[in-house]
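# Need coordinates for the following:
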Amino acid sequence: MPDRRSESRTHMQSDVLTTRERPFAVGVDVGGTKIVAGVVDVNGQVHSRIKLPTDTSKPEMTLRSIANAIEQAIQAGGASPSAIQGIGLGIPGQVDPQRGICLLSVNLNWHNVAVKDWLEQRFGLSCALENDVSAGALGEYRYGGAANADMVYLSLGTGIAARVIHEGRLYRGSHGLAGEIGHTIFVPGGPRCSCGGLGCLEALAGGPALARNAETRLQSGQTSCLQETFVRQGRLSAEQVFEAARLEDALALQVLEEAGMHLAYAINVLAMTFDPQEVVLGGGLALEEGPLTEVIRRGLHYWLEQTPILREILTPESLRLSALQRDAGILGAAALIHI
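Alright, predicted model coming up:
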């Protein structure tokens, strides 16, 4: 069997990887249920989007799923492989970007997986990886109009996490975990979080938490248009809660009100800690303005009124939604190459 690592090194040494000669990067957003890959140029234009299911049965199969998505994205993007500078990946979990290893990903069932080496051997292209929220923050800075701004990027989805860009660089902290506010306890003794803690922000305002809160209210006897769906399916999703809120369902609005006020307080804490020029909301729960973001903005206004120091740091206009929207994952991953 040929030594793909040697081939990869020879390939990378023989070519000058300039953005002029190789203007494209492959960005890959790796999730526990799906992988989204796309070819992105240096201006942030996405030339292809491929979505495939994630096979998490074992690490080798997950890596093959990623490779299949990359191959299909390159084919769909119409770019010659020789015009691709490298492959960037955003991975949910703790990573070592220098060694290119995923140290731990609960969603992928990974522990110490050498992602960079495997993909470089497979494709003969340089590969970079980051935590998915870190990649999103870098993507927002690179492509989302946040250049030259100190920024806190707060990702709201199944999980909740923040990342900080300071003077154009990602602030990682001593263990690469700076910004993990989702696992900060906001209500001592509150609902159990996936990390094992009680009352973490993620357990109060993450996507699954919204669904659980709505289910608990239904079980306590509150009326809602969600009742029929809950009886039929036995469970709810965050998407169903959002849809009910758009219909002005009282129960759904109460769920988002509670979560939004927790998130507004989290923004207060992040702003007071890092003194950013702006706070950017990303992730699946903040794709567009709606009931949840309205509560967050109202809550931020409350904290601005209460805290003169906060008014020195933020204005209502300092809080905005990600400009990248649904392409945040692949653009953020591509930013690891086009940095």
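
# quick one: contacts for V280?
Shown in contact with V280 (Cβ atoms under 8 Å, 6 or more residues apart in numbering): A137, E140, G144, A146, M151, V152, Y153, L154, R320, L321, S322. Glycine gets a C-beta too; all of them are placed from N, C-alpha and C.

# sorry, that was for L156
When contacts are counted by Cβ under 8 Å, 6+ apart, L156 touches A205, G206, L263, L281, G282, G283, G284, L285, A286, L292.

# Ok, V241 next?
V241 sits in contact with L210, A211, A214, L226, A252, V255, L256, where contact means Cβ under 8 Å, 6+ apart.

# Got phi/psi on it?
phi -70, psi -40 (degrees, to the nearest 10).

# Run through this structure and note the low-pLDDT ranges.
1-21 (pLDDT under 70).

# if we can go back for a sec, selection in ChimeraX covering whichever of the contacts of V280 are buried, please.
To isolate the buried ones among the contacts of V280 in ChimeraX, judged by 16 or more other Cβ atoms under 10 Å, type:
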select :137,140,144,146,151,152,153,154,320,322
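
# Can you add secondary structure and give the contacts of V280 back as a markdown table?
Below are the contacts of V280 laid out as a markdown table (DSSP: H, G, I helix; E, B strand; the rest coil):
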| residue | secondary structure |
| --- | --- |
| A137 | helix |
| E140 | helix |
| G144 | coil |
| A146 | coil |
| M151 | strand |
| V152 | strand |
| Y153 | strand |
| L154 | strand |
| R320 | strand |
| L321 | strand |
| S322 | coil |
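
# Looking at the contacts of V280, which is nearest P276?
Distance ranking of the contacts of V280 against P276, using Cβ to Cβ, places V152 first at 4.5 Å.

# Am I right that that closest one is in contact with F274?
Yes: using Cβ atoms under 8 Å, V152 is in contact with F274, at 5.7 Å.

# who touches both of those two?
Common neighbours of V152 and F274 (criterion: Cβ under 8 Å, 6+ apart): V164.

# tell me which element the residue nearest to G260 when sequence neighbours are not counted falls in.
Spatial nearest neighbour of G260, excluding adjacent residues (Cβ to Cβ, 6 or more residues apart in numbering): V295 at 2.7 Å. Per DSSP states H and E: V295 is located in helix 291-306.

# Geometric centre of the chain: which residue is closest?
Among the residues of the chain, the one closest to the centroid is V133, at 3.9 Å (Cα atoms, centre = their mean).

# before we move on, the earlier item: in a markdown table: the contacts of V280, plus distance to L52.
Listed next are those as a markdown table, based on distance: Cβ to Cβ, whole Å:
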| residue | distance to L52 |
| --- | --- |
| A137 | 25 |
| E140 | 25 |
| G144 | 25 |
| A146 | 30 |
| M151 | 31 |
| V152 | 32 |
| Y153 | 26 |
| L154 | 28 |
| R320 | 31 |
| L321 | 27 |
| S322 | 23 |
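
# Wasn't E239 part of a strand?
No: the assignment for E239 (three-state DSSP) gives helix, which keeps it out of a strand.

# How are the helices of the stretch 151-300 of the chain distributed by residue range?
In the stretch 151-300 of the chain, the helices defined using DSSP state H, counting those that start in this stretch lie at 201-205, 207-219, 227-233, 238-246, 250-274, 291-306.

# who wins for proximity to R172 among those helices?
With Cβ to Cβ as the criterion, R172 lies closest to helix 250-274 of the helices of the stretch 151-300 of the chain, at 13.3 Å.

# circling back: could you list every residue that touches the residue nearest to G260?
Applying Cβ under 8 Å, 6+ apart, we find V295 in contact with L256, E257, A259, G260, M261, L263, A264.

# Including neighbour count and distance to T315, could those residues go into a markdown table?
Output for these, formatted as a markdown table (neighbours: other Cβ atoms under 10 Å; distance: Cβ to Cβ, whole Å):
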| residue | neighbour count | distance to T315 |
| --- | --- | --- |
| L256 | 28 | 24 |
| E257 | 16 | 23 |
| A259 | 26 | 23 |
| G260 | 21 | 19 |
| M261 | 19 | 20 |
| L263 | 28 | 18 |
| A264 | 20 | 15 |
